[in-house]
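here are the coordinates; sequence isn't available:
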Ligand SMILES: N[C@@H](CCC(=O)N[C@@H](CS)C(=O)NCC(=O)O)C(=O)O
């Protein structure tokens, strides 16, 4: 199914750039919610999650899927981190370790799913994709919303007594604080590394890399002697920051030139915070594929020969 003339939409290394040389991340297009009585109702084995392990946005959804115990309710398929001119390929096209075939349609690329949902789709072919098998369309392709959906939409079909069912990563009492932190962390850190990595001018690069390290300094103070960012408990703020920090030294420092300091040597508190999550909570470690992360970033920046 891959083909057609959507090359500029599909090439992961060719990102949208503004007149000033800065990377402009487009808004996600599919923004539906899963809710009882709605078009997309919470049902077991109705939805399918497509990811690339290298991608931090997709990894947010993998972590929350596991934290909430949704493994049997929402199956997952991983495409390859070695993007080609059609975007993220499935195993049919790229037999890279831990990459799978599309079990639903035998697609060649993630792109094929988008074009199946909407043949006129003109956005980018991004992961994660939350797919509805019943209506054969994309429910949502925005990770910040998919993790909110996973956080609460399936609670009523999960066993009510389980800790995972009761876990609330965006509790009402901490909501304001979480949203406020998410906002500056998103702009300067989660997306900040991309703005540095995809910048096409010196000025655009500096306008990204300086605030990035300013925010890392600020986060270093926040997690000093603490296991969680907010409220002494695990929240989505930890999930959203973890996926960037775990990629930092092996991906962003080199491939995206975020190289003022490493986390390992420059940020002892952040280093301890993310390693504790990785080593003590299986949802974090099992959702982190270091080889896919490293491969993915050096692949799209065309510096694909590297020390392993
Ligand atoms: N806002 C989206 C961003 C997703 C995104 O940009 N994913 C990247 C991988 S890390 C992607 O698939 N890029 C493909 C492209 O832009 O062509 C989200 O958070 O879900």
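It's in. No experiment lies behind these values; they were computed from the predicted model shown. Residues are numbered from 1 along each chain as shown.

Distance check, the residue lying closest to residue 215 once chain neighbours are set aside against residue 283.
Of all residues not flanking residue 215 in the chain, residue 188 sits nearest, at 4.1 Å (Cβ to Cβ, 6 or more residues apart in numbering). Bear in mind the C-beta positions are built from the backbone N, C-alpha and C, glycine included. The gap separating residue 188 from residue 283 is 26 Å, by Cβ to Cβ, to the nearest Å.

Confirm the residue nearest to residue 215 sits in a helix?
Yes. With DSSP: H, G, I helix; E, B strand; the rest coil as the criterion, residue 188 is assigned to a helix.

Next, count neighbours for it.
Using other Cβ atoms under 10 Å, residue 188 has 21 neighbouring residues.

try residue 36
Neighbouring residues of residue 36 were enumerated by other Cβ under 10 Å; the total is 9.

can you check residue 186 too?
Neighbours of residue 186 using other Cβ under 10 Å come to 16.

is it true that it touches residue 240?
Yes. Contact between residue 186 and residue 240 holds when scored by Cβ atoms under 8 Å: they sit 7.4 Å apart.

hey, what's in contact with both of these two?
Taking Cβ atoms under 8 Å, 6 or more residues apart in numbering as the criterion, residue 186 and residue 240 both touch residue 144.

residue contacts, residue 299?
With Cβ under 8 Å, 6+ apart as the criterion, the residues that contact residue 299 are 81-83.

From the residues you listed, pick the one nearest the ligand.
Sorting those by how near they are to the ligand, with Cβ to the nearest ligand atom, puts residue 83 at the top with 7.1 Å.

neighbours of that closest one, just the number please.
By the measure other Cβ under 10 Å, the count of residues near residue 83 is 23.

can you give me phi and psi for it?
phi -60, psi 140 (degrees, to the nearest 10).

Leaving out the residues flanking it, which one is nearest to it?
Counting by Cβ to Cβ, 6+ apart, residue 12 is the residue found nearest to residue 83 once chain neighbours are left out, at 4.0 Å.

The protein - how does it break down into domains?
6-166, 174-286 (the TED database).

related to what we said a few turns ago, surely the residue nearest to residue 83 forms part of a helix?
No. Assessed by three-state DSSP, residue 12 does not belong to a helix; its assignment is coil.

what's around residue 206, how many residues?
For residue 206, the number of neighbouring residues by other Cβ under 10 Å comes to 12.

That one: what's it in contact with?
Contact criterion Cβ under 8 Å, 6+ apart gives no residues in contact with residue 206.

can you give me phi and psi for the spatially closest residue to residue 75 that is not a sequence neighbour?
Spatial nearest neighbour of residue 75, chain neighbours left out: residue 48 (5.6 Å); criterion: Cβ to Cβ, 6+ apart. Backbone geometry at residue 48, expressed as degrees, to the nearest 10, gives phi -140, psi 140.

residues in contact with residue 301?
For residue 301, the contact set (Cβ under 8 Å, 6+ apart) comprises 13, 197, 255-256.

out of the residues you listed, who has the most neighbours?
Among these, where neighbours are counted by other Cβ under 10 Å, the top count belongs to residue 256, at 25 neighbours.

In which helix or strand does the residue nearest in space to the middle of the chain reside?
The residue at the geometric middle of the chain, judged as the C-alpha nearest the mean C-alpha position with Cα atoms, centre = their mean, is residue 57 (1.1 Å). Residue 57 belongs to helix 56-67 when elements are defined using DSSP states H and E.

Pretty sure residue 104 sits in a strand.
No. Under the criterion used here (three-state DSSP), residue 104 is coil, not part of a strand.

I'd assumed residue 49 was in contact with it.
No. Here residue 104 does not reach residue 49: they are 11.5 Å apart, not a contact under Cβ under 8 Å.

More neighbours: which of those two?
When residue 104 and residue 49 are compared for neighbours, residue 49 comes out ahead with 22 against 15, by other Cβ under 10 Å.

Surely residue 34 touches residue 70?
No. When contacts are counted by Cβ under 8 Å, residue 34 is not listed as touching residue 70 (11.3 Å).

Pull up the overlap in contacts between these two.
Here residue 34 and residue 70 have residue 154 as joint contacts, going by Cβ under 8 Å, 6+ apart.

what separates the helix holding residue 57 from the chain centre, distance-wise?
Averaging C-alpha positions (Cα atoms, centre = their mean, to the nearest Å) puts helix 56-67 7 Å from its chain's average.

now swap in stretch 103-113 and tell me
19 Å.

ok, now stretch 8-23?
When distances are taken as Cα atoms, centre = their mean, stretch 8-23 is centred 19 Å away from the chain's centroid.

So what touches that stretch?
With contact meaning Cβ under 8 Å, 6+ apart, stretch 8-23 is reached by 24-26, 83, 85-88, 109, 111, 122-125, 194-195, 197-201, 203-204, 207-208, 300-302.
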